[in-house]
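> 3D model of this:
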Amino acid sequence: MGLTSWESRYQLPNALQTSVCDWPELESPESARPRAGAENLHALLEDAAQAVPPPQVEPSSQPSSHGDAAPAEPAVQVGRGQRKARALLGDIAPEEPSERGGEVADPDSALQEVASEASEPLRFDCQVCCLDGRWLLLMAQPQPLDAVGQRLLLNILRAAGVQVEQSPSFESLRWPLEEGLPVHQPRAEARQGLKAFVAGRRRRGWEPERLLIFGDDEALQTVVDVDDNGHSQTLEMPVWQGPGLLELLSGSGAKRALWPHAVEWRRQWLGEVGQGD
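Just a heads-up that it's a prediction; the model follows:
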């Protein structure tokens, strides 16, 4: 209680011993002792239910224009307190009534809404590289380039006048990166994935200024999003698109159709034309 205890340090000559006072401990009744854990919470629930009487509606001779009278506010507050206590006990508390219509929300309908919003992801597989950090190449094929494909690509670049200092090194890009994840906007999420892939290679010296696409893939075209002026809306750069390497290997017609476009590559590589050409 904050009182300092005093006791004698020395005994006077011929003085009697100081008597010691014993304070009896008052034992509290069993009902007054605090309960612990779930027992105390259940007691609170029972006390709250007994303390609050049910709401009574006073009889009225005239009907109310707003319908039945609303329950008193203290009863609502006690009900919320009971839900919180049951939640602490691990019980399942009833759902709060909706403020708009007073109806209880159906959890099954909420799950159906989320399932209806989810969509299938946009899927594509391609091989990606960046020529000397300047030109981005996308090969619309799931398998990596073999030795024949690598040799054909280098021959096409040399014939077009594109002299690279480093041999192209391709990486595989598959979307989605992980299966089973929820998808709500397939096109937007796939475009963000492609942009993030290219941006993540900037530490390797990638600063692409032009995009070359070999092969035809509908999903990849949707992700790249080429407008009428031949620019990618996703990567914000000029785009050229032609036949795939397998098609170029199979016949000479595809090669002849490629040369008129490849002639401009030398001028673009040397910077003799603008970025918009």
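
> quick one: the strands in this structure?
124-131, 135-139, 171-175, 210-214, 231-232, 237-242 (DSSP state E).

> Identify the residue spatially nearest to Leu245, adjacent ones excluded.
With sequence-adjacent residues excluded and distances taken as Cβ to Cβ, 6 or more residues apart in numbering, Leu245 is closest to Gly149, at 4.8 Å. In short, each C-beta sits where N, CA and C put it, glycine included.

> Next one, pLDDT for the one you found please.
As predicted, Gly149 sits at a pLDDT of 93.

> What is the neighbour count of it?
By other Cβ atoms under 10 Å, 21 other residues sit near Gly149.

> swap in Leu154?
Leu154: 14 neighbours (other Cβ under 10 Å).

> and if you look at the one 10 residues further on?
Other residues near Val164 number 14, with proximity taken as other Cβ under 10 Å.

> rewinding a little: let me have the strands of the chain in TSV, extended by mean neighbour count and distance to Glu189.
Putting the strands of the chain into TSV (neighbours: other Cβ atoms under 10 Å; distance: least, Cβ to Cβ, whole Å) gives the following:
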stretch	mean neighbour count	distance to Glu189
strand 124-131	21	12
strand 135-139	24	18
strand 171-175	15	9
strand 210-214	22	20
strand 231-232	18	17
strand 237-242	18	21
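
> Can you tell me which of those is nearest to Gln268?
Proximity to Gln268 (Cβ to Cβ) singles out strand 210-214 among the strands of the chain, at 6.5 Å.

> Parallel or antiparallel, which strands does that closest one pair with?
strand 135-139 (parallel), strand 237-242 (parallel) (DSSP bridges).

> out of these, nearest to Gly200?
strand 135-139 (13.3 Å).

> Kindly format the C-alpha coordinates of the closest one as CSV.
What follows is strand 135-139, C-alpha atoms only, in CSV (Å, rounded to 0.1, in the frame of the first residue of the first chain):
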residue,chain,number,x,y,z
TRP,A,135,18.0,-5.0,-80.9
LEU,A,136,15.6,-7.3,-79.1
LEU,A,137,14.9,-10.6,-80.8
LEU,A,138,11.9,-12.8,-80.1
MET,A,139,11.7,-16.3,-81.6
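
> What lies in contact with that strand?
Residues from elsewhere that reach strand 135-139 (Cβ atoms under 8 Å, 6 or more residues apart in numbering): 126-131, 145, 162, 168, 170, 198, 206, 208-215, 220, 224, 235, 237, 244-245, 269.

> coming back round to it: Asp125 versus the residue nearest to Leu245, what's the distance?
15 Å (Cβ to Cβ, to the nearest Å).

> can you check Gly200 too?
Applying Cβ to Cβ to Gly200 and Asp125 gives a distance of 18 Å.

> Same check on Arg266?
Taking Cβ to Cβ, one finds Arg266 at 31 Å from Asp125.

> pLDDT on stretch 251-263, on average?
On average, stretch 251-263 scores 83.

> which residues are contacting it?
So stretch 251-263 is contacted by 156, 159-160, 240, 242-243, 247-248 (Cβ under 8 Å, 6+ apart).

> related to what we said a few turns ago, distance to Gln11 and mean pLDDT added to the strands paired with strand 210-214, as a markdown table?
As requested, these are exported to a markdown table (distance: least, Cβ to Cβ, whole Å; pLDDT from 0 to 100):
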| stretch | distance to Gln11 | mean pLDDT |
| --- | --- | --- |
| strand 135-139 | 100 | 97 |
| strand 237-242 | 102 | 94 |
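
> Kindly present those as a markdown table, with separate columns for distance to Glu120.
Shown next, in a markdown table, are the strands paired with strand 210-214 (distance: least, Cβ to Cβ, whole Å):
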| stretch | distance to Glu120 |
| --- | --- |
| strand 135-139 | 22 |
| strand 237-242 | 25 |
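
> Nearest approach to Gly180 belongs to which of those?
The closest of these to Gly180 is strand 135-139. By Cβ to Cβ, the value is 26.0 Å.
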